[in-house]
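Engineer: Requesting a structural model of the entry that follows:
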Amino acid sequence: MILGDFNARTNTLEDFISKDGSNFINDTSENCLQPKNRLNFDNQINNHGKQSINLCKNCDMKILNGRTKGDSFGRATFHGNNGISVVDYIICDQELFRNTNYFVVKPPTYLSDHCQIITWVGIGQTNEKSDTNPRCNIQMTKLPNEYIWDDHSKNNFRESLRSQEIQKKLNEFKNSDFTTDLNGTNQCVTEFQNILLETSKKSLKIKKSKRRRKITNVAQKKWFDKGHDLRKLSNLKHRDPTNVELRKNYHDALKSYKATLQLKQNEFHNKKMNELETASQNDFNLFWKALKNLTDDLNTETNSENLPKNYEWYSHFEQLHRDHHLSEEQEKIIGKLKQKENSKNLLNELDMEIINN
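Structural biologist: Sure thing, here's the model as predicted:
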């Protein structure tokens, strides 16, 4: 399968060898593909188009545009100021052509003059999700809680340390006799850490990770301007690409839309810089919060569904420091490289002492 911008305008040229007027009997075997003729909104032909058609004929490949379910009319894939054209194609062989279910040309967007082209190919099989991995039930140690430290945290933490319960545990810790070996050191650190963690739980707020739902049909930028009618014009132009007035209105709206986005982006960055300058002089906590929120991306939280599973982490680090066993083919390659490295010591005719006769 070949797909992309071919810069080729092919009109409705046949991408297969026509049998009209042939003296030979047509091939009617089950392996012979008789594709239907293509339709095309673009009625122009250029040299790249002729070369692409010759490529299809020589390699026995077929164009999906204009003859596949989802694009029966050969919709335009390029929308410029001076007109439209079909220059983006998907070309495949006969086997893939038979298994192609749909082919769709998406409406134009502000991101590019070219439209997105999508195809669905039926492969006849699915990958089953296996739950028989023996590492799926591995219990991983959770990371400790993160606490929020604000202006009142210092006094709250001190008050919690002065409480009777914590003071009792501190006295027991001071009176404990820990050994000087590794086990004693670990026990000492663990008990002291538990006292600090318990004090933090009583006095500080625990930071909770926020999980955002996946946002659909919204640009992932904070400065994105959604109050624009460009999408409506884009859909209308996609349905009627030959309408000159509609094309002009679309490109005028596109120009205005890009200027609006640039303005919104600049305003957003200037606002964030002013927040940083103000916070750096007055409130350091606000400064770090503003710095963390400086990114343009709207969804800053990691989607937990895309995170590696526990057994995947375990398997990765288990294999990371293990001795890697080479295959027989790799051992042969290493042996040949060593032979070539040693052969340089034999070809040393010029490696002789220079003398004066």
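
Engineer: Just give me how far stretch 68-78 sits from the chain centre.
Structural biologist: Its chain's C-alpha centre lies 27 Å from the corresponding centre of stretch 68-78 when counted by C-alpha atoms, centre = their mean, to the nearest Å.

Engineer: To clarify, my last question referred to stretch 231-242.
Structural biologist: 29 Å.

Engineer: And stretch 275-287, by the same measure?
Structural biologist: On C-alpha atoms, centre = their mean, the centre of stretch 275-287 falls 34 Å from that of its chain.

Engineer: which residues are contacting that stretch?
Structural biologist: For stretch 275-287, the external contacting residues (C-beta atoms under 8 Å, 6 or more residues apart in numbering) are 149-151, 289-291, 294. Just so you know, the C-beta spots here come from the backbone N, C-alpha and C atoms, and that holds for glycine as well.

Engineer: cool, and stretch 177-194?
Structural biologist: 173, 176.

Engineer: what's the neighbour count on Ser280?
Structural biologist: Ser280 has 14 neighbouring residues, counting by other C-beta atoms under 10 Å.

Engineer: typo on my end, Gln281
Structural biologist: There are 8 residues near Gln281, going by other C-beta under 10 Å.

Engineer: where does the protein dip in pLDDT?
Structural biologist: 19-33, 124-141, 143, 209-229, 296-306, 321, 344-352, 357 (pLDDT under 70).

Engineer: Which of the three states applies to Ile91?
Structural biologist: Secondary structure assignment for Ile91 (DSSP: H, G, I helix; E, B strand; the rest coil): strand.

Engineer: Quick check: which element contains the residue nearest to Ser163 when sequence neighbours are not counted?
Structural biologist: In space, Ser163 comes closest to Lys202 once its chain neighbours are excluded; the distance is 7.4 Å by C-beta to C-beta, 6 or more residues apart in numbering. For Lys202, the element it lies in under DSSP states H and E is helix 182-203.

Engineer: For the contacts of stretch 275-287, pick the one with the most neighbours.
Structural biologist: Taking other C-beta under 10 Å as the neighbour criterion, Ala290 ranks highest of the contacts of stretch 275-287 with 19 neighbours.

Engineer: pretty sure it is in a helix, no?
Structural biologist: Yes - remark: Ala290 belongs to a helix, assigned using three-state DSSP.

Engineer: Please look at it and Lys271 and confirm they touch.
Structural biologist: No - contact criterion C-beta atoms under 8 Å: Ala290 and Lys271 do not qualify, at 10.0 Å.

Engineer: on that earlier part again, what about the helix holding Lys202, distance to the chain center?
Structural biologist: 42 Å.
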